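# Below: sequence and its predicted model.
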Amino acid sequence: MNLKRIFGALLTALGIGGLIYTAVIFMDTSGGTRDIKMLVIYGILGLIFFISGISLVRTTKDES
């Protein structure tokens, strides 16, 4: 059981969820200041989680 790979997969899934939620907010937005702030915050957090999860999965070597 490789804990780093599981944590990387979890971060990747959270990142994808954050990016999808950003897209949903983007489709329902009216252009207000509050909407734009939410888009930026969720988009950046989703991107950070996604990139860190992918890099963690890629750099972890398989050891049996």
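The structure has been received and is ready for your questions.

# Report the contact partners of the most centrally placed residue in the chain.
Centrality entry for the chain: nearest residue to the mean C-alpha point is G15, 1.3 Å, by CA atoms, centre = their mean. For G15, the contacting residues are 46-53, by CB atoms under 8 Å, 6 or more residues apart in numbering. No exception for glycine: its C-beta is placed from N, CA and C like everyone else's.

# so where's this protein uncertain?
1, 64 (pLDDT under 70).

# Tell me the one of the contacts of G15 nearest L39?
Of all those, G46 has the smallest distance to L39: 10.6 Å, by CB to CB.

# List the buried residues for the helix or strand containing that closest one?
Per DSSP states H and E, G46 falls inside helix 33-59. Within helix 33-59, the residues that qualify as buried are 38-39, 42-43, 45-46, 49-50, 52-53, 56-57, counting by 16 or more other CB atoms under 10 Å.

# so what secondary structure elements neighbour it?
helix 3-28 (3 or more CB pairs under 8 Å, 6 or more residues apart in numbering; DSSP states H and E).

# Would you mark the buried spots in the helix it packs on?
In helix 3-28, counting by 16+ other CB under 10 Å, buried: 8, 11-12, 14-15, 18-19, 21-22.

# Please report how far the residue nearest to the centre of the chain lies from E63.
25 Å (CB to CB, to the nearest Å).

# go on, G43?
35 Å.

# And V57, by the same measure?
Counting by CB to CB, the gap from V57 to E63 is 14 Å.

# T29 too?
46 Å.

# Would you mind telling me which of the two has more residues around it?
Between T29 and E63, counted using other CB atoms under 10 Å, the more crowded position is T29 (13 against 5).
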